[in-house]
Structure formats: structure tokens, C-alpha cells
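# I'd like to go over a predicted model; first the sequence, then the structure.
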Amino acid sequence: MMDTPAHTTLDKLRIWQQNLNKSHIAQLTLINSIPPGEWDILAIQEPLLNSLGNTKANMHWRVVYPTAKYTNEEKPRAVTLVSSKISTDAWKQIEFPSADIVVIQLWTSQGLCTMFNIYNDCTHDDTVSALERFLPGNLPSLHPTEQDHLVWLSNFNHHHPLWDEDRNNHLFTGTVLEASQKLIDILADYGLTQILPKDVPTLQSTSSGNWTRPDNIFCTDHTCDTDPEQRGPNTDHVPILTQFDMSLAASAESPSWNYREVDWEKFNTAVNNALIGIDPPAPLDMVESFQAAACNLDMTLRNVVEAMVPKTRPHLHQKRWWTKDLTKRADELKRLRK
């Protein structure tokens with residue numbers, strides 16, 4: 001286990017889990033409606049993906065795709081977003097042979113917390129089988145001591161009286177119960193318990209309006225809840241909200257380059273003057289000469305940026321699309337109001 005990095009800490013670990021039905025509007029609403037720093041992990045099932053298999057996020061999140069993203073023919077159906085407030089020294093990704101599972105491991109004040117973001121197709125149990133094959137040989141590194149934690153943030157698409165409301169007994173067919181029992185046996189083998197109480201639904205059918213429970217969360221002793229008001233547009237799943245009493249190392253906020261404040265005429269003049277001091281263009285027929293020329297050019301540009309571009313510290317409520325022109329127009333609007 002690595003040493004705890006010397007950063008400030010986040011006193012809680014807050015997780016938002018939701019299936020977004022591959023909706024563009026649902027995902028943009030989610031990532032833009034959460035204030036920076038309010039949630040630490042977004043475990044998304046069926047995320048929005050473009051033609052390259054990439055999803056949507058913003059500057060406040062680091063996107064973690066399944067490690068099998070580029071070796072699996074199908075697009076990922078699970079993506080985890082880790083807050084940029086969490087130090088990259090405080091977590092890592094664990095390799096898993098499925099495009100529908102993302103595994104990350106966090107170093108917390110309460111030991112290791114290994115978090116599985118899981119999507120299981122409703123037409124088969126391939127993901128459950130992948131977990132069944134993976135866990136025995138990897139458990140020593142995932143859960144080395146009793147103080148460590150395993151967390152499954154899941155959409156298994158299974159129905160069972162242990163979590164669904166009894167009135168949904170029409171869903172408890174023999175085939176469904178057999179598939180659910182396989183999952184329950186795995187949970188029992190690894191000491192995972194259901195922490196979202198029974199009879200709390202997570203999905204409302206768009207056709208019938210009926211509420212069911214395909215989503216779940218299993219882990220060691222904690223509690224969680226759902227928030228139907230936060231469901232968002234174009235998705236029938238409600239988010240599952242979980243809070244762990246674990247502190248994490250936070251990222252150190254370092255100043256960034258503020259290119260909006262640059263006087264580009266002076267910047268270009270400085271670049272031209274600096275380029276005079278390096279070797280003129282010439283054929284580069286050796287690897288060593290090419291690397292030397294590239295390093296000289298890179299260092300020259302870095303020196304100009306250092307001298308000409310101001311720095312600014314990030315602000316929690318900063319609008320990164322804001323410009324000086326908008327400031328002028330806002331001031332003009334204030335004058336007109338007066």
C-alpha cells in the first residue's frame with residue numbers, strides 16, 4: 001500500500017450512481033448540474049458515447065473507461081468519473097477483462113476501497129460470469145485485510161424479492177430467480193451486503209409507469225439512498241446516492257496558464273525574437289539532431305509562455321466559458337439597468 005500523499009484531505013467519499021440510457025441530454029444535465037467538489041465519484045451505466053467510444057465530461061472530472069475498451073468489439077456500458085479534487089496519488093485503476101466493468105482502487109483513511117462499476121446486459125449473464133472468474137485469483141490485492149472495502153455499484157438487470165417490491169411478483173419467474181440466485185451466491189461468498197434497503201425502486205418504466213429495482217449497491221457496512229427528484233431528463237433510472245465515512249487525499253490546486261489575458265501581438269513578437277537565438281532550419285538526418293532541435297524549440301516556446309502568459313488559480317464557481325467581452329457587456333447591462 002502506498003504512503004498517503006501530503007495533500008489536504010476530503011473528509012467524506014460521496015458517490016453518485018446512475019444509468020443514463022445513453023442519453024446526450026441526461027449526461028450533459030448530470031455533469032453540468034453537480035457543483036464542483038460536491039460529489040467525488042460518478043458511476044455511470046449506459047453512458048453517452050460518440051463514434052469513437054468516448055463519453056462527455058468536463059474539467060472537473062477524470063474519465064475512467066474499462067481497460068478492455070479497445071480490445072472488445074462492443075462499446076463500453078460502464079464509465080466512472082473521478083473528481084479532479086481527488087489526488088491522482090490516492091487512487092488507481094485495476095485491469096478487468098470486460099468492457100462493461102470499471103474497477104478503481106482508492107487509498108482512504110479506512111483502508112483500501114476497491115470500487116466496481118458494473119453493467120450486466122438483461123439478455124445474458126456474461127458480466128456476472130466475468131466477476132465469478134476474476135475474483136478468486138485477484139481477491140488478495142482487492143481486499144487484503146478485513147479493514148478494506150469492496151463496493152459494487154451495479155445495474156445487474158435482475159429482479160428478486162430480496163430487493164424488489166413484493167407487488168412485482170410477476171417479474172419473479174423461474175429463469176429470473178435462477179439468474180439472481182447466482183448473483184446472490186457470489187455476494188455471499190465475498191461477504192458483500194445490500195446497502196440500499198429493499199422496496200426502494202430505481203427505475204420507472206416509460207411504457208407502464210411501473211417502478212422496479214434493476215440497480216443496486218453491494219458493499220461492506222454502509223448506507224445509501226435514492227433521490228427521484230435528481231433523475232434528470234431522458235432517463236428512467238433514478239440516482240443512487242452513497243456517502244462513506246472515509247477521508248481521501250485531495251489534489252493540490254496549482255495555478256494554470258490564463259491565455260485569455262495574453263496580448264497576442266506582444267506574444268508573437270517575443271516568439272520571433274526568441275527563435276532568432278536557436279539554430280536556423282536545416283535538414284535533420286540523425287535521430288540525435290532531431291531530438292536536440294525539438295528540445296530547443298520546446299524550451300524556447302516554454303520560456304516565452306512563462307514570460308508572457310499570466311497565471312490564475314482555479315475557482316470553484318468559475319465559468320470557464322466567460323470572456324472579457326462578456327464582462328464588458330455585463331457592465332453595460334448594469335449601467336442600462338441604472
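Right, received. Where do you want to start? Numbering: from 1, shown residues only.

# what domains does the record give for the chain?
Segmentation of the chain into domains, based on automatic domain parsing, reads 9-249, 256-337.

# Please enumerate the helices of the stretch 101-250 of the chain.
Using DSSP state H, counting those that start in this stretch, the helices of the stretch 101-250 of the chain run over 126-142, 174-189.

# Kindly present these as a markdown table, with separate columns for mean neighbour count, distance to V151 and mean pLDDT.
C-beta: built from backbone N, CA, C; applies to glycine. What follows is the helices of the stretch 101-250 of the chain, written out as a markdown table (neighbours: other CB atoms under 10 Å; distance: least, CB to CB, whole Å; pLDDT from 0 to 100):
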| stretch | mean neighbour count | distance to V151 | mean pLDDT |
| --- | --- | --- | --- |
| helix 126-142 | 15 | 11 | 95 |
| helix 174-189 | 14 | 12 | 94 |
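
# Make JSON lines from these and add distance to K75 to it.
What follows is the helices of the stretch 101-250 of the chain, written out as JSON lines (distance: least, CB to CB, whole Å):
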{"stretch": "helix 126-142", "distance to K75": "15"}
{"stretch": "helix 174-189", "distance to K75": "24"}
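
# Quick one, grab the pLDDT at the residue nearest to H60 when sequence neighbours are not counted.
If the residues on either side of it in the chain are set aside, H60 comes closest to P36, at 4.6 Å by CB to CB, 6 or more residues apart in numbering. If you check P36, the pLDDT there is 70.

# Which of the helices of the stretch 101-250 of the chain sits closest to K311?
Nearest to K311 among the helices of the stretch 101-250 of the chain is helix 126-142 (40.2 Å), distances taken as CB to CB.

# Mind checking what secondary structure K266 has?
helix (DSSP: H, G, I helix; E, B strand; the rest coil).

# Let me see the contact set for it.
By CB atoms under 8 Å, 6 or more residues apart in numbering, the contact list for K266 reads M308.

# how much space is there between it and A307?
From K266 across to A307, the span is 10 Å (CB to CB, to the nearest Å).

# Which secondary structure element is home to K328?
If you go by DSSP states H and E, K328 is part of helix 324-337.

# Which of the domains of the chain has the lowest mean pLDDT?
Minimum mean pLDDT among the domains of the chain: domain 256-337, a mean of 83.

# mind listing the strands for the stretch 1-150 of the chain?
9-10, 13-19, 41-45, 61-64, 78-83, 91-94, 101-108, 111-119, 149-155 (DSSP state E, counting those that start in this stretch).

# Can you add distance to A274 and give those strands back as a markdown table?
Converted to a markdown table, the strands of the stretch 1-150 of the chain look like this (distance: least, CB to CB, whole Å):
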| stretch | distance to A274 |
| --- | --- |
| strand 9-10 | 42 |
| strand 13-19 | 47 |
| strand 41-45 | 43 |
| strand 61-64 | 34 |
| strand 78-83 | 38 |
| strand 91-94 | 40 |
| strand 101-108 | 43 |
| strand 111-119 | 47 |
| strand 149-155 | 51 |
